[in-house]
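Trainee: Sequence and predicted structure are below.
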Amino acid sequence: MLKPIVSIMAAAMILSPLAVAGETKPITVSIAYDKEMLATKAGAAEVLDAITDQAKDACTTYVPVFGGNYTDRKCVSSIVTSAVSKIREQQALEGREAAGEFASADAMIFADAEQR
């Protein structure tokens, strides 16, 4: 059985460790995910982990001064936040159920209000 894989574009600015000089490099990332997995908490967690891994790959650069790789955490956070927001919006437009981080923000606020 083939699963539909969807890609979204997330953009972020990657700030190099040489930020003292004011260097920034805009990046655009195509995030691949399986819509069907978003219906369960376990599936949503897997999708979120995959998005985070893809963001880390995009936001990691080799820095000779450090002699290794540098991952810009703000870049990763920006891409993940943007991707989750876009996926949440797409799921709502298509009328699909989503769980975990991808559940509608309105539903989470409503649930929180009901608990008080």
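Mentor: Sure, I can see it. Values in this document were obtained by computation on a predicted structure and should not be read as measured data. Numbers count the residues shown, from 1 in each chain.

Trainee: give me every residue that touches the residue nearest to Ile87 when sequence neighbours are not counted.
Mentor: Spatially, and ignoring its direct neighbours in sequence, Ile87 is nearest to Phe102 (5.7 Å; Cβ to Cβ, 6 or more residues apart in numbering). Glycine gets a C-beta too; all of them are placed from N, C-alpha and C. By Cβ atoms under 8 Å, 6 or more residues apart in numbering, Phe102 lies in contact with 38, 44, 47-48, 84, 87-88, 91.

Trainee: From the residues you listed, which land in helices?
Mentor: In helices, defined here by DSSP state H, the members of those are 44, 47-48, 84, 87-88, 91.

Trainee: Closest to Tyr70 out of these?
Mentor: Closest approach between those and Tyr70, by Cβ to Cβ: Leu48, at 23.1 Å.

Trainee: and the gap between the closest one and Val76?
Mentor: Counting by Cβ to Cβ, to the nearest Å, the separation of Leu48 from Val76 is 12 Å.

Trainee: who's more crowded, these two?
Mentor: The residue with more neighbours, out of Leu48 and Val76, is Val76; 22 against 19, by other Cβ atoms under 10 Å.

Trainee: Surely that one is in a helix?
Mentor: Yes. Counting by DSSP: H, G, I helix; E, B strand; the rest coil, Val76 is located in a helix.
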